[in-house]
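Undergrad: the sequence and its predicted three-dimensional model are supplied below.
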Amino acid sequence: MVASQAMTAGAIAANFDTARPTISKHLQILAQCELLGHEQKGREIHYHINPNKMKEIADFIEPFRKLWDERFNKLETLMKKYKTKN
Amino acid sequence: MEQKTKIQAEEGKQELVITREFDLPLELLFKAHVEPNLVEQWMGTRVLKLEAKNHGSYQFKTTDAQGNAVFQANGVIHECSPNRKIIRTFEMENTPFGVQLEVLEFEKITAGSSKLNMRIIYESVAKRDQMLKLPFAQGINMAHNRLQEIAGKVTQ
């Protein structure tokens, strides 16, 4: 949601069934971890995504993901051959 | 391009979830996890033992060209429900990562496609994060070893 535009906490909360204070708490944590940036505009806080931080986390997991991806690709190829043989 | 294998590892949690959709019928996806000779081929390790049943156990071992063990793992199979679920433990021997609990759920999507949902629970958040960093460290080690081999040949 916040990838395409900055949004207020209220607008973000409107997309979830979760209570507004819970969403606010989540947004605060994401902002503390620098995954979201925020700007105060009058009474509202506008949240936007911090792509650099998101990428940092993705990079951290990527080698592990790739390891499993390669294993599963092998599994898929192996079992497709197995299917045609049997 | 969309990534076929997805990993969800929330900050501060001691678990992670791996999901993957396969272009295979459910039965074949499950079979690839319980037949020792099939597991050997896609996991790239020797399977010394694999009793795919409730209260069963398994042992994996990989050796290098000189016969030295480079990877040894074992675990017990708590539950093995054909085409549905496997609950097992996994321990990589001689490493500080501890024992992890793995819950594998197999799901049919269509007659020719299926999904695997694998939840791994570690002993602690720190152990999970250490494990996540491992392939990266292994990749560097492998590159170093390869470099040494090549350098060794050049200097001989």
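TA: Nice, thanks for sending it over.

Undergrad: show the pLDDT at residue 35.
TA: You didn't say which chain, so I picked chain A. pLDDT recorded at A:L35 is 72.

Undergrad: ah, no, chain B please
TA: 96.

Undergrad: swap in A:A58?
TA: Taking A:A58 on its own, its pLDDT is 66.

Undergrad: now do the one 5 residues further on
TA: In this model, A:P63 is scored at 84, pLDDT.

Undergrad: what about it, how many neighbours?
TA: Look at A:P63: counted by other Cβ atoms under 10 Å in any protein chain shown, it has 17 neighbours. The way it works is simple: take the backbone N, C-alpha and C, and place the C-beta from them, glycine included.

Undergrad: what is the burial count for A:E76?
TA: With other Cβ under 10 Å as criterion, A:E76 counts 20.

Undergrad: elements contacting the helix or strand containing it?
TA: Here A:E76 sits within helix A:51-85, counting by DSSP states H and E. The contact analysis (3 or more Cβ pairs under 8 Å, 6 or more residues apart in numbering or on different chains; DSSP states H and E) places helix A:51-85 against strand B:5-8, strand B:15-22, helix B:26-34, helix B:36-43, helix B:125-155.

Undergrad: now it: buried residues?
TA: Neighbour-count burial for helix A:51-85 flags A:61-69, A:72, A:75-76, A:78-79, A:82 (criterion: 16 or more other Cβ atoms under 10 Å in any protein chain shown).

Undergrad: closest one to B:I87 out of these, please.
TA: Set against B:I87, the nearest of the buried residues of helix A:51-85 by Cβ to Cβ is A:W68 (18.6 Å).

Undergrad: lowest-confidence stretch among the helices and strands packed on helix A:51-85?
TA: Across the helices and strands packed on helix A:51-85, helix B:125-155 gives the lowest mean pLDDT, at a mean of 66.

Undergrad: enumerate the residues of chain B near chain A.
TA: Residues of chain B found near chain A (Cβ under 8 Å from any Cβ of the partner chain) are B:3-7, B:9, B:11, B:18, B:20, B:22-25, B:28-29, B:31-32, B:38, B:41-44, B:116, B:131-136, B:139.

Undergrad: filter those to the buried ones?
TA: By 16+ other Cβ under 10 Å, these give B:5, B:7, B:9, B:18, B:20, B:22, B:24-25, B:28-29, B:31-32, B:38, B:41-43, B:116, B:131-132, B:135-136 as buried.

Undergrad: mind checking what helix or strand follows the helix or strand of chain A with the lowest mean pLDDT in sequence?
TA: The weakest-scoring helix or strand in chain A, judged by mean pLDDT, DSSP states H and E, is helix A:20-32 (a mean of 79). Next helix or strand after helix A:20-32 toward the C-terminus (DSSP H and E): strand A:36-41.

Undergrad: check which helices and strands that following strand sits against.
TA: Where contact means 3+ Cβ pairs under 8 Å, 6+ apart, strand A:36-41 is packed against helix A:20-32, strand A:44-49.

Undergrad: if we go to 6 Å?
TA: strand A:44-49 (3 or more Cβ pairs under 6 Å, 6 or more residues apart in numbering or on different chains; DSSP states H and E).
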